[in-house]
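**Q** 3D model of this:
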Amino acid sequence: MNKALDARGMACPMPVVKATQALAGMTEGVLEVRVDNAVAVENLKRMADQKGLRVEAKQAGEKDFVVTISVSGPVEAGTEEIECVSCAPADGNFVVAVDTDIMGRGSEELGKTLMKGFLFALSQLEVLPKTVLFYNGGARLTVEGSDSLEDLKNMAAQGVEILTCGTCLNYYGLTEKLAVGSVTNMYTIVEKLAQAGKVIKP
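**A** Numbering: from 1, shown residues only. Next up is the predicted model:
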């Protein structure tokens with residue numbers, strides 16, 4: 001008996017849990033599991049190895065992996081012995097603090113290009129940050145005309161909190177031009193930094 005499981009979009013350890021449940025009661029056949037990240041693939045392979053099952057994996061697309069688990073005998077249903085590879089930071093508990101619209105020291109023109117590239121790369125991460133803070137010169141990146149607006153709006157649409165210092169917007173005369181996220185204050189900025197599991201500062 002063959003089975004198929006679509007576990008794309010599931011956070012770990014759910015792909016392993018669902019796959020183990022699907023395997024329960026199988027005595028022969030193949031379970032095909034589709035997932036959207038390499039960590040889930042490794043966790044499924046580890047689970048299959050622990051159960052003594054033959055497993056193969058292939059990548060069908062950029063975020064599309066197929067894990068095939070072959071069964072040739074009864075499979076136990078328990079999942080308590082399975083140890084998953086860490087997905088950290090699985091909850092996206094890291095904060096990015098941006099205090100300038102220029103990345104690095106040296107050429108200002110190059111620095112702006114680097115910052116644009118940084119924010120684009122950030123928006124493409126498999127696990128996005130919990131919050132991105134913008135203050136001082138970084139406030140210029142969240143207002144009308146910013147080259148990074150599309151990337152920031154993309155992250156905001158996926159649940160990333162985009163916060164810009166209100167004092168900074170006011171200082172630069174940009175309060176009315178904020179185009180993504182919301183205005184914040186220094187107390188909240190300090191609070192977000194203090195509560196973060198990790199802080200990244202470009």
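
**Q** what's the following helix or strand after the top helix by length along the chain?
**A** Ranked by residue count and defined by DSSP state H, the top helix of the chain is helix 108-123. As assigned by DSSP states H and E, the chain's next helix or strand after helix 108-123 is strand 131-134.

**Q** any idea how far that next one is from the chain center?
**A** Here strand 131-134 is found 15 Å from its chain centre; the criterion is Cα atoms, centre = their mean, to the nearest Å.

**Q** Tell me the strands beside it, with direction?
**A** strand 94-98 (parallel), strand 161-165 (parallel) (DSSP bridges).

**Q** Could you name the helices and strands sitting against the longest helix of the chain?
**A** The contact analysis (3 or more Cβ pairs under 8 Å, 6 or more residues apart in numbering; DSSP states H and E) places helix 108-123 against strand 94-98, helix 149-157. C-beta: built from backbone N, CA, C; applies to glycine.

**Q** Can you give me the buried ones in the longest one?
**A** Going by neighbour count (16 or more other Cβ atoms under 10 Å), the buried part of helix 149-157 is 149, 151-156.

**Q** ok, Thr20 - how many residues close by?
**A** 21 (other Cβ atoms under 10 Å).

**Q** Mean neighbour count added to the strands paired with strand 131-134, as CSV?
**A** Listed next are the strands paired with strand 131-134 as CSV, based on neighbours: other Cβ atoms under 10 Å:
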stretch, mean neighbour count
strand 94-98, 22
strand 161-165, 21
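
**Q** any chance of those in TSV, plus mean pLDDT?
**A** Listed next are the strands paired with strand 131-134 as TSV, based on pLDDT from 0 to 100:
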stretch	mean pLDDT
strand 94-98	96
strand 161-165	96
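
**Q** Save the ones you listed as a markdown table, and put in distance to Glu126 too.
**A** Converted to a markdown table, these look like this (distance: least, Cβ to Cβ, whole Å):
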| stretch | distance to Glu126 |
| --- | --- |
| strand 94-98 | 13 |
| strand 161-165 | 18 |
